[in-house]
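S.K.: Give me coordinates for this.
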Amino acid sequence: MDQADSISTAPPGPRVTALIVSFNCVAPLRRCLKSLLASRQRETLEILAVDQGSSDGSNRVDEEFNDVTVLRLPHYIGLTRARNIGIRTAKGEHLLFLTPDVEVQPDTVAALADTLAARPDALAVCPMLVDEEGKAAPQVFRLPGKDDLYRVWRGGELEALPIPDLAGDPVAVELSSGKALLIRKQTLQGINYLDEKFGEHWIDAEVCYEIRRAGKKILLLPQTRAVVQTGGLWRPSTSAERAAFAADCALGAAAYLKKHEGFGAGLGLQVKATLRAVAAAVGGSLVCSDLAYRWGLVARLFAGQKLDGGTQSM
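M.R.: Okay, here's the model as predicted:
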């Protein structure tokens, strides 16, 4: 067989790569992978997990699921860098970002890919997220402004918008939950992958902003479902972990504002967050309240230390 025949008969690559970033969440990760393995058109789906140094077995799920590839990182490097490593490894034409607590239905992945292929006005699509009882989960938001970003850093939440008609046609949304999003790999390559000015927080808002700026849509498919399970995901618990994630949230918000509302807006939020953290640390020192967290947060904000693997400790 000559080279031309070999090229023409080579099997096509996967249509979709499901990309899951994991850390100490082996139970929900197993459920997520089982649901993907039961997908229709399974032969067109690559399943890739990027594990950030788990100690609970999440980094060894490929021993249980032979058709799953695990990229083992030595320690926690944040969502943005971990996804970029997965994107560069992925073979699929489309990338399906999933969090480990999401379980797709058998038709979910194929329906998302079919819709994206049929809609040149869209660069990304997402399924309707429902809870274990079938009730719609909060998923649709407006792109955040500086007040929204600061409120979330202080422990608030983005205000969810009303869920579209569950039996309706695809609807354009500004910002969808980062728990499940299908996007063309070419789109991410076109913006030089995910912006690593972000660590753990706000990278999903950044991607949605770039899609909107390109004049394209993110479509939510009300009749295509995925289930969000309750519990099982790792949460920061030690003072060092909590400080690392809180600082990353503020620094990610500042990076978002610097890009889209000007350097001064982003710097203003970072200074405001830092001054508040200093005041809380000084107040906490008077009553000896959670000093490791409070001063750890101040140190990280002053240093601009986001979650990116620059140091192994969180």
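
S.K.: tell me the mean pLDDT for stretch 146-153?
M.R.: Averaged across stretch 146-153, pLDDT comes to 94.

S.K.: okay, it in PDB with CA atoms only?
M.R.: Presented in PDB, the C-alpha positions along stretch 146-153 are these (Å, rounded to 0.1, in the frame of the first residue of the first chain):
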ATOM      1  CA  LYS A 146     -17.100  44.400  39.100                       C
ATOM      2  CA  ASP A 147     -19.800  44.400  41.800                       C
ATOM      3  CA  ASP A 148     -20.700  40.800  41.000                       C
ATOM      4  CA  LEU A 149     -17.100  39.700  41.100                       C
ATOM      5  CA  TYR A 150     -16.400  41.400  44.400                       C
ATOM      6  CA  ARG A 151     -19.600  40.000  46.000                       C
ATOM      7  CA  VAL A 152     -18.700  36.400  45.000                       C
ATOM      8  CA  TRP A 153     -15.200  36.900  46.500                       C
END
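
S.K.: Go ahead and name everything in contact with that stretch.
M.R.: The contact list for stretch 146-153 (CB atoms under 8 Å, 6 or more residues apart in numbering) reads 142, 144, 157-159, 202, 246, 249-250, 253, 256-257, 261, 265, 268-269, 272-273. C-beta coordinates here come from the backbone N, C-alpha and C atoms, glycine included.

S.K.: Go through the residues you listed and flag which are in strands.
M.R.: Using DSSP state E, no member of the contacts of stretch 146-153 sits in strands.

S.K.: Now restrict these to buried residues only.
M.R.: Listed as buried from these are 144, 158, 202, 246, 249-250, 253, 256-257, 265, 268-269, 273; burial here means 16 or more other CB atoms under 10 Å.

S.K.: For the residue nearest to G57 when sequence neighbours are not counted, list the residues it contacts.
M.R.: Leaving aside its chain neighbours, G57 sits nearest to V26 (4.5 Å; criterion: CB to CB, 6 or more residues apart in numbering). Applying CB under 8 Å, 6+ apart to V26 gives the contacts S54, D56, G57, S58, V61.

S.K.: so where's the stretch 151-300 of the chain shaky on pLDDT?
M.R.: Counting by pLDDT under 70, the ranges of the stretch 151-300 of the chain that qualify are 166, 285-288.

S.K.: what about the strands in it?
M.R.: Under the criterion DSSP state E, counting those that start in this stretch, the stretch 151-300 of the chain contains strands at 171-173, 175-176, 180-184, 217-228.

S.K.: Contacts for stretch 47-57 next, please.
M.R.: For stretch 47-57, contacts defined as CB under 8 Å, 6+ apart pick out 17-26, 29, 33, 36-37, 58-59, 61-62, 65, 67-77, 82-83, 85-86, 89-90.

S.K.: For the longest helix seen in the chain, name the packing helices and strands.
M.R.: As assigned by DSSP state H, the longest helix anywhere in the chain is helix 263-287. Using 3 or more CB pairs under 8 Å, 6 or more residues apart in numbering; DSSP states H and E, the elements in contact with helix 263-287 are helix 146-153, helix 239-260, helix 291-303.

S.K.: Contacts only, for A205.
M.R.: Contacts of A205 by CB under 8 Å, 6+ apart are L143, P144, L175, Y256.

S.K.: what about the nearest residue to F23 once chain neighbours are set aside, how many neighbours?
M.R.: Among residues not flanking F23 along the chain, Q52 sits closest, at 4.5 Å (CB to CB, 6+ apart). When neighbours are defined as other CB atoms under 10 Å, Q52 has 25 of them.

S.K.: circling back: please identify the deepest-packed of the strands of the stretch 151-300 of the chain.
M.R.: strand 180-184 (a mean of 23; mean count of other CB atoms under 10 Å).

S.K.: what residues does that strand touch?
M.R.: Contacts of strand 180-184 (CB under 8 Å, 6+ apart): 16, 93-99, 102, 104, 109, 112-113, 116, 123-127, 129, 204, 207, 218, 226.

S.K.: now the angle from that strand to strand 217-228?
M.R.: 140 degrees (axes from the mean of the first three to the mean of the last three CA atoms, to 10 degrees).

S.K.: Can you dump the C-alpha atoms of strand 180-184 in CSV for me?
M.R.: Coordinates of each C-alpha in strand 180-184 appear next as CSV, following Å, rounded to 0.1, in the frame of the first residue of the first chain:
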residue,chain,number,x,y,z
ALA,A,180,-20.7,21.1,31.2
LEU,A,181,-19.7,23.0,28.0
LEU,A,182,-18.9,21.7,24.5
ILE,A,183,-16.6,23.9,22.4
ARG,A,184,-14.7,23.5,19.2
